[in-house]
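Asks: have a look at this prediction, sequence included:
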Amino acid sequence: MKPIQAVFFDIGETLVNEGEIYGRWADWLGVPRHTFLAKLGAVLAAGGDHNDLFAYFRPGFDLAAEEKKRAEAGVPNGFGPEDLYPDARPCLSALRAQGLYVGVAGNQPAEAAEHFATLGLEADVVGISALWGVEKPAREFFARCAEHAGVPPAHVLYVGDRIDNDVRPALAYGMRVAFLRRGPWGHIHNDDEALRRCQFVLDDLTALPELVAAHNDGRAVSPTGGVVP
């Protein structure tokens, strides 16, 4: 059984809770937060994305233009330490303590690099799609992760909350995958066949360091997050 030598994490809804981020967009657009989030779920279930959500409430919505307006109004888009999931920091620290290469790589605008720096997380590399010039689900995105880690794809575990952008493309590239069932995408999208191929299927990051350690030690590990005695 090949050991896991590097672990890469998606950003949104894996390390960063986007609930308040979407809530601030709802406030900016003058839409009640519960209505905005309910429509987000409906859009995702129909196969759409956040762009469709914005366009529904404001036809012709221009994300870049609205972000500029928000910045000028003193309510910039982005995330900070208060948006970090509480299990993120201890998880990354514990994995690095095992001597693993720990990376963060997600589909984010260039400004996210500065936002991420404020989180103070322990990571060997932070990959921002806008700065890399390639984004998920492109094969090249996952190749860049493996190149940074300096190990073959089979020794890399990619952790993410989206089946379309994280699970399927990482598996297709030959990586191991930990699917994190949280956030809208994590609960709305489903693909039983793809999930059966995941190394782990988790509800949070708390158990991940021990699961990785058990796997690397040759102990039996349940794909749903338990270490078999």
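Replies: Received, thanks.
Asks: buried residues in the longest helix belonging to the chain?
Replies: Looking across the chain with DSSP state H, the single longest helix is helix 33-45. Buried residues in helix 33-45, counting neighbours by 16 or more other Cβ atoms under 10 Å, are found at 36, 37, 39, 40, 43, 44. For every residue, glycine as well, the C-beta is placed using N, CA and C.
Asks: next, format the residues you listed as CSV and append pLDDT and distance to residue 108.
Replies: Shown next, in CSV, are the buried residues of helix 33-45 (pLDDT from 0 to 100; distance: Cβ to Cβ, whole Å):
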residue, pLDDT, distance to residue 108
36, 97, 21
37, 96, 21
39, 97, 23
40, 96, 18
43, 95, 20
44, 93, 19
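Asks: turn these into TSV, including distance to residue 15.
Replies: What follows is those, written out as TSV (distance: Cβ to Cβ, whole Å):
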residue	distance to residue 15
36	23
37	20
39	25
40	20
43	23
44	20
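Asks: what's the most distant pair in these?
Replies: Taking Cβ to Cβ as the measure, the buried residues of helix 33-45 span a maximum distance of 12.9 Å, between 36 and 44.
Asks: quick one, strands of this protein?
Replies: All strands of the chain, identified by DSSP state E, fall at 6-9, 101-106, 125-128, 156-160, 176-180, 200-202.
Asks: next, the angle strand 156-160 makes with the fifth one.
Replies: This points to strand 176-180. Put simply, strand 176-180 runs at 20 degrees to strand 156-160, going by axes from the mean of the first three to the mean of the last three Cα atoms, to 10 degrees.
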